[in-house]
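# Based on what follows, work out the 3D shape:
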Amino acid sequence: MPKEMLLCAFDMNCVGHQSQGLWRHPRDNSSEFNTMKYWQDLARTLERGLFDGIFLADVTGVYDVFGGTPDAALRAATQVPANDPFTIVPVMASVTENLCFGVTGSIPYEPPVSFARKISSLDHLTSGRMGWNIVTGYLDSAAKGVGAKQQTAHDTRYEIAAEYMEIVYRLWEQSWEEGAVLKDKETGVFTDPSKVHAIKHDGKYFKLEAVHLCEPSPQRTPVLFQAGSSDKGRAFAGAHAECVFIGGNSPEAQAIAVKKLRQEAVNNGRKPEDLKIFSVVTVIVAPTDKEAEEKLNDYKKYGDKKGALALLSGWTGMDLSKLDMDATIEQVESNAIQSALKSLGAATVGEWADALTIGGAGELLVGSPQAVADKLQHWFEVSGIDGFNLAYTVMPESVDSFVDMVVPELQKRGIYKTAYTNGTMRHKLFGEGARVSASHPAARYRA
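Numbering: from 1, shown residues only. Predicted coordinates for the structure are as follows:
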């Protein structure tokens with residue numbers, strides 16, 4: 001049996017996520033993102049296409065590096081306005097049974113006790129379909145929103161994250177023992193107090209004493225996602241992540257990144273297959289190659305280059321308004337997303353502005369269903385990844401077209417499922433139990 005491809009939709013609770021300016025397209029409805037119908041329609045389509053999940057990105061600040069103001073981002077709707085991604089999980093879960101949810105939550109901006117409670121609550125409501133994308137933040141505007149002058153240094157953020165993870169693991173895994181919840185109507189005892197424990201922590205960055213307010217959810221610890229590609233980020237992923245997102249513009253380059261990530265897992269006492277690795281991709285598909293190219297050219301008319309540069313400036317920490325469009329971006333030390341810097345290579349500012357108007361940072365695949373499936377299959381087999389994060393262009397047609405045209409072609413080749421597996425998110429992805437594996441660091445805190 002060939003290895004089956006995993007698929008997640010890549011989205012954000014905003015207007016302009018990756019493809020900047022396409023909200024202006026006459027067939028696009030992404031400006032309706034603040035309605036329940038928008039997300040429920042999308043959820044139904046993804047479940048019809050047997051998508052494993054939807055991955056919701058998020059930022060906690062505004063893109064104000066370009067020109068030193070948020071003006072360009074605000075004009076172009078570059079990931080602003082942006083609503084809380086966690087709020088739409090119950091909305092989508094209410095109309096689906098199998099679609100899972102990986103949601104971005106930034107460690108510096110929510111206390112571990114309240115965050116752990118939110119995750120457990122959603123894991124209960126979704127019957128164990130909850131995942132968390134662990135991020136450490138990268139925008140100074142976000143840091144200023146919580147009273148800091150600027151973002152903490154890159155490597156220090158990962159030190160803070162490691163301590164944060166210990167706390168939430170203990171809240172999810174240690175605070176309530178198995179069998180603590182009795183629900184005994186005869187005796188009137190709902191919870192056995194002897195099996196519930198306060199978590200005490202006195203560390204470098206956090207101090208607290210608290211009982212987790214939620215009874216154990218189906219997974220306790222949610223499925224853990226991570227996307228860091230710096231040395232620190234990769235080491236963090238090897239220790240904590242179960243799913244990892246990677247960049248890169250060739251399957252050969254990604255094969256190297258995949259090998260390094262799986263080795264990091266082994267270095268932390270885990271198995272290489274303990275990581276499910278996803279690559280971001282954007283697909284423009286039509287019945288024929290010619291029609292797909294025509295669709296791409298149509299989309300390009302609506303791209304917003306300044307909005308794209310506002311996004312790229314935030315990613316790199318460089319004010320690209322000061323550079324000529326023909327300038328080549330040099331590798332520099334940055335407190336922002338280091339993977340963005342590494343992926344720029346020799347591209348000029350203008351070339352990256354063009355690229356970020358259609359599809360964002362991921363690879364762009366254009367063609368007929370057969371041609372797109374050929375490219376996906378080649379990438380999948382050469383890189384060694386486990387699946388793709390599908391970024392959208394024009395909504396909802398980009399997702400509708402993929403589900404209607406590409407999914408059947410992948411199924412015909414035997415590399416994509418024809419039915420869901422029942423169970424929690426962790427069970428669907430790994431074929432194991434609802435709880436983290438015994439080799440995961442969260443497991444050492446089990447009561």
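# Is the nearest residue to residue 373 once chain neighbours are set aside within a helix or a strand, and which one?
With C-beta to C-beta, 6 or more residues apart in numbering as the criterion, residue 373 has its nearest non-adjacent residue at 4.1 Å, and that residue is residue 409. In this view, the C-beta of every residue, glycine as well, is placed from N, C-alpha and C. Remark: residue 409 resides in helix 407-412, with elements defined by DSSP states H and E.
# Residue 102 too?
Per DSSP H and E, residue 102 falls inside strand 100-106.
# I would like the residues contacting the helix or strand that that strand is followed by, please.
Per DSSP H and E, the first helix or strand lying C-terminal to strand 100-106 is helix 112-125. Contacts with helix 112-125, where a contact means C-beta atoms under 8 Å, 6 or more residues apart in numbering, come from 86, 89-90, 93, 101, 103, 105, 110, 129-130, 132, 164, 167-168, 171-172, 206, 208, 210, 212-214, 216-220, 222.
# Buried only: go through those residues for me.
Buried members of those, counted by 16 or more other C-beta atoms under 10 Å: 86, 89, 93, 101, 103, 105, 129-130, 132, 164, 167-168, 171-172, 210, 212, 214, 216-220, 222.
# Could you list which of the residues you listed belong to helices?
Applying DSSP state H to those, the entries found in helices are 89, 93, 164, 167-168, 171-172.
# Tabulate those (CSV), appending distance to residue 405.
Shown next, in CSV, are those (distance: C-beta to C-beta, whole Å):
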residue, distance to residue 405
89, 28
93, 27
164, 42
167, 46
168, 41
171, 44
172, 41
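# ok, of these, which one's closest to residue 197?
Closest to residue 197 out of these is residue 171 (10.2 Å), distances taken as C-beta to C-beta.
# and the closest one, what does it touch?
Taking C-beta under 8 Å, 6+ apart, one finds 112-113, 116, 199, 210, 212 in contact with residue 171.
# how about 7 Å then?
Going by C-beta atoms under 7 Å, 6 or more residues apart in numbering, residue 171 touches 113, 116, 199, 212.
# What of residue 192?
Neighbour list for residue 192: 180, 182 [criterion: C-beta under 7 Å, 6+ apart].
# That one and residue 95, how far apart?
Residue 192 sits 36 Å away from residue 95, going by C-beta to C-beta, to the nearest Å.
# Can you list phi and psi of the residue lying closest to residue 87 once chain neighbours are set aside for me?
Excluding its sequence neighbours, the residue lying closest to residue 87 (C-beta to C-beta, 6+ apart) is residue 13, at 7.5 Å. Backbone geometry at residue 13, expressed as degrees, to the nearest 10, gives phi -80, psi 70.
# What does the pLDDT read for residue 13?
The model reports residue 13 with a pLDDT of 97.
# and what of residue 121?
pLDDT recorded at residue 121 is 98.
# Look at residue 334 and report its pLDDT.
50.
# where does the stretch 151-300 of the chain have low pLDDT?
The model of the stretch 151-300 of the chain has pLDDT under 70 over residues 151.
# Relative to residue 19, how far out is residue 295?
Counting by C-beta to C-beta, the gap from residue 295 to residue 19 is 13 Å.
# Likewise for residue 3?
Separation of residue 3 from residue 19 (C-beta to C-beta): 30 Å.
# So for residue 1, what's the pLDDT?
Value for residue 1, per-residue pLDDT: 71.
# Apart from its neighbours in sequence, what residue is nearest it?
Nearest one to residue 1, counting by C-beta to C-beta, 6+ apart, is residue 414 at 7.6 Å.
# Make sure that neighbour is actually in contact with residue 5.
No - Residue 414 lies out of contact with residue 5 (C-beta atoms under 7 Å); the separation is 10.3 Å.
# Could you check which of these two is surrounded by more residues?
Using other C-beta atoms under 10 Å as the criterion, residue 414 and residue 5 rank with residue 5 on top: 20 against 12.
# Tell me the bridge partners for the residue most central in space within the chain.
Among the residues of the chain, residue 55 comes closest to the average C-alpha position under C-alpha atoms, centre = their mean, at 4.5 Å. Beta bridges link residue 55 to residue 10, residue 102 when assigned by DSSP bridges.
# which residues does it contact?
By C-beta under 7 Å, 6+ apart, the contact set of residue 55 is 8-10, 102, 133, 389.
# Pipe the residues you listed into CSV and attach neighbour count, pLDDT and distance to residue 67 per row.
Output for the contacts of residue 55, formatted as CSV (neighbours: other C-beta atoms under 10 Å; pLDDT from 0 to 100; distance: C-beta to C-beta, whole Å):
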residue, neighbour count, pLDDT, distance to residue 67
8, 27, 98, 34
9, 25, 98, 32
10, 23, 96, 27
102, 27, 97, 33
133, 23, 95, 29
389, 25, 96, 30
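# From the residues you listed, pick the one nearest residue 234.
Closest approach to residue 234 among these (C-beta to C-beta): residue 133, at 15.7 Å.
# how near is that closest one to residue 227?
According to C-beta to C-beta, residue 133 and residue 227 sit 7 Å apart.
# Looking at residue 295 and residue 19, which one has more neighbours?
Counting neighbours by other C-beta under 10 Å for residue 295 and for residue 19 shows that residue 19 has the greater number, 29 against 19.
# you'd agree that one is up against residue 360?
Yes - Residue 19 is within contact range of residue 360, at 6.3 Å (criterion: C-beta under 7 Å).
# on that earlier part again, so for the helix holding residue 409, what gets flagged as buried?
Buried, per 16+ other C-beta under 10 Å, within helix 407-412: 407, 409-410.
# And the contacts of it?
So helix 407-412 is in contact with 5, 49-50, 369-370, 373, 416, 418, going by C-beta under 7 Å, 6+ apart.
# what helix or strand is the residue nearest to residue 1 on?
Applying DSSP H and E, one finds residue 414 in no helix or strand.
# Can you tell me what sits against the strand holding residue 102?
Against strand 100-106 from outside (C-beta under 7 Å, 6+ apart): 8, 52-58, 60, 85-86, 89, 92, 115, 126, 129-133, 135, 137, 223, 225, 243, 425, 428.
# Using CSV, list the CA coordinates for that strand.
Output in CSV follows, covering the C-alpha atoms of strand 100-106 (Å, rounded to 0.1, in the frame of the first residue of the first chain):
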residue,chain,number,x,y,z
CYS,A,100,-9.9,18.6,13.0
PHE,A,101,-8.5,22.0,14.0
GLY,A,102,-5.0,23.2,14.5
VAL,A,103,-5.1,26.7,15.9
THR,A,104,-2.2,29.1,16.5
GLY,A,105,-1.8,30.4,20.0
SER,A,106,1.1,32.7,20.9
